[in-house]
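Chemist: I would like the atomic coordinates for the input below:
(chains A, B, C and D)
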Number of protein chains: 2
Amino acid sequence: MRWNELRSEKCSLARTLSVIGDRWTLLVLREAFLRVRRFEDFQKNLGIARRVLTERLAHLVEESVLEKHAYQERPVRHEYRLTQKGLDLYPALMAMVNWGDRHYADADGPPLVHTHKSCGHDFHTVTTCSECGEVVDPRAVRVRHNIAG
Amino acid sequence: MRWNELRSEKCSLARTLSVIGDRWTLLVLREAFLRVRRFEDFQKNLGIARRVLTERLAHLVEESVLEKHAYQERPVRHEYRLTQKGLDLYPALMAMVNWGDRHYADADGPPLVHTHKSCGHDFHTVTTCSECGEVVDPRAVRVRHNIAG
DNA sequence: TAGCTAAGTCTTGAAATGGAACTGAGTCAA
DNA sequence: TTGACTCAGTTCCATTTCAAGACTTAGCTA
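Modeler: Reported below is the predicted structural model:
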């Protein structure tokens, strides 16, 4: 299977990966969530090849994860901002950050600390069931095909 | 920056991506969560180049995400099983599935339906704050460096 | 006029991928 | 006891993607 056939798979994970599943894209989004918006800043922070960055940003714009917004004329300069669809990736990003925190943090603790402004506490994300609110254990989940879909 | 330098970044996302962030690895894990365990089955289901599959499985075993377990002698045959560390990736996988369900499902609904055995309902995962239990909005989160870490 | 900035594009060699054929250890059926 | 089959890889080659850095364009600044 080719990578660009992923999009047409009958699988939401495959479809998601067709957008964010290649090398670099998730790190570009990390920067975006940390309020980075400009080409030069993405490039400096990540040390990514400029050609690859150009291509990744264009793809994310095409998929409406980022939007390109002119912040000045003469010369025209653009910045890249997360859309709502982009913000919707936050749970996925945080789940990966959590996993890294749990399994790869060194003795001093995780590199970043997240504070929930709503309640004022440092926190990590917890994945719960939309119906009963309990923490979800993978062994407690049954999967079936949606016959219609 | 090279991909193999990711692991030494002071960032949990980068560290996580050094394990699961390349083409194919997350799809291999999708299969693992769907109870696939054997080389041939991964290969058939994914249509991945065998060389790449060999390399990905070895990497996941090296990182203790999967473990290789002999299921028969004469000839020795192995299968790959998720470890607890591998199961811990479930929230990340499900967050990506949710995003795909939300933004790429066709009219008939998402491809797979998940049932929570504990409560008996079809569900999707919700990302909540470990401290107050509320749903987390990215705009309500402040990030700071862990000075020690 | 020279130098600077932002946001790219171009070039080139190195690395990763896809596809298909091949290998090796053992089983099975005739 | 020969031939076909299975599983889990390994090998080879052409194609694709990536890393790194030089170059380009449009306008600004001193």
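Chemist: quick check: pLDDT value at A:Gly133.
Modeler: For A:Gly133, the model assigns a pLDDT of 98.
Chemist: assumed A:Arg35 was part of a helix.
Modeler: No. Counting by DSSP: H, G, I helix; E, B strand; the rest coil, A:Arg35 is located in no helix; its state is coil.
Chemist: for chain B, see how far away it is.
Modeler: Relative to chain B, A:Arg35 is positioned 9 Å away (criterion: CB to the nearest CB, to the nearest Å). Placement of C-beta: from N, CA and C, glycine included.
Chemist: can you show me the strands along chain A?
Modeler: Along chain A, the stretches classed as strands by DSSP state E are A:66-72, A:77-82, A:112-116, A:121-122, A:125-129, A:141-145.
Chemist: give me the outermost residue of chain A relative to its centroid.
Modeler: A:Arg74 (32.4 Å; CA atoms, centre = their mean).
Chemist: JSON lines for the strands of chain A, including mean pLDDT?
Modeler: Below are the strands of chain A laid out as JSON lines (pLDDT from 0 to 100):
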{"stretch": "strand A:66-72", "mean pLDDT": "93"}
{"stretch": "strand A:77-82", "mean pLDDT": "95"}
{"stretch": "strand A:112-116", "mean pLDDT": "98"}
{"stretch": "strand A:121-122", "mean pLDDT": "98"}
{"stretch": "strand A:125-129", "mean pLDDT": "98"}
{"stretch": "strand A:141-145", "mean pLDDT": "97"}
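Chemist: most tightly surrounded among the ones you listed?
Modeler: Of all the strands of chain A, strand A:125-129 has the most neighbours on average by mean count of other CB atoms under 10 Å in any protein chain shown, namely a mean of 21.
Chemist: helices or strands next to it in the packing?
Modeler: helix A:90-104, helix B:90-104, strand B:125-129 (3 or more CB pairs under 8 Å, 6 or more residues apart in numbering or on different chains; DSSP states H and E).
Chemist: dump those into JSON lines; add distance to A:Arg142 as well.
Modeler: As requested, these are exported to JSON lines (distance: least, CB to CB, whole Å):
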{"stretch": "helix A:90-104", "distance to A:Arg142": "21"}
{"stretch": "helix B:90-104", "distance to A:Arg142": "14"}
{"stretch": "strand B:125-129", "distance to A:Arg142": "14"}
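Chemist: tabulate the ones you listed (a markdown table), appending distance to DNA strand C.
Modeler: Output for the helices and strands packed on strand A:125-129, formatted as a markdown table (distance: least, CB to the nearest atom of the strand, whole Å):
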| stretch | distance to DNA strand C |
| --- | --- |
| helix A:90-104 | 18 |
| helix B:90-104 | 18 |
| strand B:125-129 | 28 |
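Chemist: out of those, the one nearest A:Glu67 is which?
Modeler: helix B:90-104 (14.9 Å; CB to CB).
Chemist: count of neighbours near A:Gly133?
Modeler: 11 (other CB atoms under 10 Å in any protein chain shown).
Chemist: ditto for A:Lys44
Modeler: 11.
Chemist: for it, give me its contacts.
Modeler: Residues in contact with A:Lys44 (CB atoms under 8 Å, 6 or more residues apart in numbering or on different chains): none are found.
Chemist: tell me the pLDDT of it.
Modeler: Predicted confidence (pLDDT) for A:Lys44: 95.
Chemist: equivalent analysis for A:Gly149, please.
Modeler: Note for A:Gly149: predicted pLDDT of 59.
Chemist: check A:Leu29 too.
Modeler: At A:Leu29, the pLDDT recorded in the model is 98.
Chemist: which ones are touching it?
Modeler: Contact partners of A:Leu29, counting by CB under 8 Å, 6+ apart, are A:20, A:60, A:65, A:82, A:86, A:89, A:93.
Chemist: okay but the first one is in contact with A:Leu89, surely?
Modeler: Yes. Checked against CB atoms under 8 Å, the pair A:Ile20 and A:Leu89 is within contact range at 6.8 Å.
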